[in-house]
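Student: Here's my sequence, what's the structure:
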Amino acid sequence: MILDNGVIRTLDPSLPRAGALAIAGPIVAGGVGTHEWMLPTPERVDLAGRCVLPAFTDSHVHFPTWALARHDVRLEQAASVGAALALVAAHPRRGSWIRGTGWRDAAWQDRPTAAALDTVTGSTPTALWSKDYHSLWLNSAALAVAGGDLDVRGGVVERDSQGIPTGVLREESAWRFRERFVEITEDEWVEATREGIRVANARGVGAIHDKDGWLGAASFFSRIHEREGLSIRVWQSIPADRLDEVAGLPLPARIGDDFLRLGYLKTFMDGTLGSQTALMLDGSGVEITTRAELEEIILRGTEAGWPVAVHAIGDRANRNALDAFEATRHAWAPRGLRHRIEHAQCLDAADLPRFAELGIACSVQLSHAASDRDLADLYWGDRAGGAYAFRSLWDSGAVVVNGSDAPVEELDPLAGIRAGVLRTIDERPGWHPEQALPVEQAILASTVTPAWLAGDERRRGKLLPGFLADLVVLSRDPFLCEADELESVEIVATMVGGRWAHNPPPWD
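Tutor: Got it, this is the predicted structure:
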């Protein structure tokens, strides 16, 4: 197959543009000026001036959770408890539980409680995730299912003046509740994941760094892969507390194949901005993993050959994580492990240059800056100047990779790129526009650097001979758009491994 008559951006500085691209099987066989790849009877695809880029990678996504949540009650627009209850009442019932996501109570005048939820759910157990997935709102029937088994280290159970749970769990208490008590069959997970892959392909996504390892997500992807094959490349995280289960896996089991492999350990330093559980230098927030505990995780991971991804939101959490990586550098640096901090949302100025100095990647979400701006100003005040510092991190030499954190935000790379460039998602001016990324850097953070972080920089993220043929066809060239024109760029088609995963040609 030969793609020509368009703008092909390889994202390699030595040959940034090609006039044509040859695909042979699952790989790129050559580009303009290399005639030896010409096939006897190639299929020619006329791009008609369209733009081709490497397919996007979402570097932080809870993929099965996002896929399942597409069918749940969506509460993002609820401005009060009453508005949330109305949405729950109107949603069609499916299965033995009512599930939902998206509420954010920071500006609500009333508080979410089990008693309020009971008025529209009755005796059907109900579990509603907050937008950041760090708080869970339960009704009385759901609380009864747990039989009082709610408390866990690193978790918060909100209680009234009599010590009775109000119906809101945060952090570890929320996650453990879902894992233990919310009834979701594996078939439900697999079917939702299958549908989600089709949606992701339609949005130009060819690869993900998945964070749902604690759900057994690898088995969901594996079932799909075995039955019909995957059209998305999955690099799967493993919870750090399961290291003993995976440390002894033989290398082939870790590597998997080009579409599904285990990759790295995941742990949490703190909570989130929205749930007011981010660990801050002023002493506020929830500490989930201590610096000493993280050092032990890093050392044990290093011994087994696993890099570590650390969730850190608050400035104290980020400092503790960086301190732990620095204290253990003697062990992991010689082995070339590529560690990462997820989110890196609020940074003290003294810590910002340490990412590049230590070689710790920043796994950020460009869309968060625009969607979190009001909460950041409300809760962090002057410290918000050091929050979502994408341009400063990039300019410091740090490796910056972009993800969606779906279902916290929508899985939509083009929307994330626009948010990173504009620093706004509404009619307001950009928030801290000095931290906006140019279009090229936002695209590199969604293609080239994620491939490097996954150890695939010689096979993915660029359109060069010998690289995997993962690409996206766009309606126009985003490199030539003014910032306010980026919204007009649309996904035309997506190819993964030399096969069209979305909307094969010809195109109108």
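
Student: what's the least confident helix or strand in this protein, going by average pLDDT?
Tutor: Each helix and strand of the chain was given a mean pLDDT (mean pLDDT, DSSP states H and E); the minimum falls on helix 251-255 at a mean of 58.

Student: From the contact counts, what lies against whichever helix or strand comes after that helix?
Tutor: Next in sequence after helix 251-255, counting helices and strands by DSSP states H and E, comes strand 260-268. Packing contacts for strand 260-268, counted by 3 or more Cβ pairs under 8 Å, 6 or more residues apart in numbering; DSSP states H and E, involve helix 217-227, strand 233-239, helix 251-255, helix 291-304, strand 308-312. Quick note: C-beta positions are derived from backbone N, CA and C, even for glycine.

Student: OK, contacts around Val156?
Tutor: Leu169, Arg170, Glu171, Ser173, Thr277, Val286 (Cβ atoms under 8 Å, 6 or more residues apart in numbering).

Student: From those, which land in helices?
Tutor: Among the contacts of Val156, the members found in helices (DSSP state H) are Ser173.

Student: which one of the contacts of Val156 sits closest to His225?
Tutor: Distance to His225, by Cβ to Cβ, is smallest for Glu171 among the contacts of Val156, at 32.5 Å.

Student: thinking that closest one is in contact with Gln276, fair?
Tutor: No: counting by Cβ atoms under 8 Å, Gln276 is not a contact partner of Glu171; they are 11.0 Å apart.

Student: pLDDT weak spots in the stretch 201-350 of the chain?
Tutor: 215, 249-255 (pLDDT under 70).

Student: just to revisit the earlier point, comparing Glu171 and Gln276, which residue is more hemmed in?
Tutor: Between Glu171 and Gln276, Glu171 has the larger neighbour count (other Cβ atoms under 10 Å), namely 24 against 19.

Student: domain ranges for the protein?
Tutor: 2-54+467-502, 67-181 (automatic domain parsing).

Student: Give me the most central residue, this structure.
Tutor: Central residue of the chain (Cα atoms, centre = their mean): His60, 2.1 Å from the mean position.

Student: Report the secondary structure state of the closest residue to Gly403 other than its chain neighbours.
Tutor: Closest residue to Gly403 apart from its sequence neighbours, by Cβ to Cβ, 6 or more residues apart in numbering: His60 at 3.0 Å. Of the three states, His60 takes strand according to DSSP: H, G, I helix; E, B strand; the rest coil.

Student: quick one: His60 and Gly95, what's the gap?
Tutor: 28 Å (Cβ to Cβ, to the nearest Å).

Student: Can you tell me the number of residues neighbouring Arg383?
Tutor: Arg383, neighbours per other Cβ under 10 Å, totals 18.

Student: can you pull the buried residues of the lengthiest helix in the chain?
Tutor: Criterion DSSP H: the longest helix present in the chain is helix 186-202. By 16 or more other Cβ atoms under 10 Å, the buried positions in helix 186-202 come out as Glu188, Trp189, Val190, Glu191, Ala192, Thr193, Arg194, Gly196, Ile197, Val199, Ala200, Asn201.

Student: list the helices and strands it packs on?
Tutor: helix 63-69, helix 217-227, strand 491-496, strand 499-502.

Student: Figure out which of the ones you listed is closest to Gly385.
Tutor: helix 63-69 (30.9 Å).

Student: Dump the closest one to CSV, keeping only the CA atoms.
Tutor: Extracted in CSV, the C-alpha atoms of helix 63-69 (Å, rounded to 0.1, in the frame of the first residue of the first chain):
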residue,chain,number,x,y,z
PHE,A,63,-9.4,1.9,29.7
PRO,A,64,-11.9,-0.7,30.8
THR,A,65,-13.2,1.6,33.5
TRP,A,66,-13.7,4.4,30.9
ALA,A,67,-15.3,1.9,28.5
LEU,A,68,-17.7,0.7,31.1
ALA,A,69,-18.5,4.2,32.3
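
Student: And it, what does it pack against?
Tutor: Going by 3+ Cβ pairs under 8 Å, 6+ apart, helix 63-69 lies up against strand 98-103, helix 186-202, strand 205-210, helix 217-227.

Student: Check which helices and strands the third one sits against.
Tutor: Read it as strand 205-210. With 3+ Cβ pairs under 8 Å, 6+ apart as the test, strand 205-210 has strand 56-61, helix 63-69, strand 233-239, helix 448-453, strand 491-496 packed against it.

Student: Okay, now the sheet partners of that strand, with direction.
Tutor: Strand 205-210 has these partner strands in its sheet, going by DSSP bridges: strand 56-61 (parallel), strand 233-239 (parallel).

Student: Go ahead and name everything in contact with the longest one.
Tutor: Put plainly, it is strand 233-239. 63, 206-214, 217-218, 221, 246, 258-267, 306, 309, 454, 460, 470, 496.

Student: Please apply the same query to the first one.
Tutor: Contacts made with strand 56-61 from outside it, assessed by Cβ under 8 Å, 6+ apart, are listed as 200, 203-211, 342-343, 363, 365, 401-406, 411, 413, 446-447, 450-451, 453-454, 460-461, 472.

Student: Apply 7 Å and report the result again.
Tutor: 204-211, 342, 363, 365, 401-406, 411, 413, 446-447, 450-451, 453, 472 (Cβ atoms under 7 Å, 6 or more residues apart in numbering).

Student: next one: that strand to chain centre, how far?
Tutor: In this view, strand 56-61 has its centroid 5 Å away from the chain centroid, taken as Cα atoms, centre = their mean, to the nearest Å.

Student: ok so, going back, roughly how far is the longest helix of the chain from the heart of the chain?
Tutor: Chain-centre distance of helix 186-202: 16 Å, with Cα atoms, centre = their mean.

Student: Please export the C-alpha coordinates of it as CSV.
Tutor: Extracted C-alpha coordinates of helix 186-202, given in CSV (Å, rounded to 0.1, in the frame of the first residue of the first chain):
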residue,chain,number,x,y,z
GLU,A,186,-16.1,-10.2,33.4
ASP,A,187,-18.3,-10.5,30.3
GLU,A,188,-19.5,-7.0,31.0
TRP,A,189,-15.9,-5.7,31.2
VAL,A,190,-14.9,-7.5,28.1
GLU,A,191,-17.8,-6.3,26.0
ALA,A,192,-17.4,-2.7,27.2
THR,A,193,-13.7,-2.9,26.4
ARG,A,194,-14.3,-4.2,22.9
GLU,A,195,-16.7,-1.3,22.2
GLY,A,196,-14.2,1.1,23.8
ILE,A,197,-11.4,0.0,21.4
ARG,A,198,-13.6,0.9,18.4
VAL,A,199,-14.3,4.3,19.8
ALA,A,200,-10.6,4.9,20.6
ASN,A,201,-9.6,3.9,17.1
ALA,A,202,-12.1,6.3,15.7
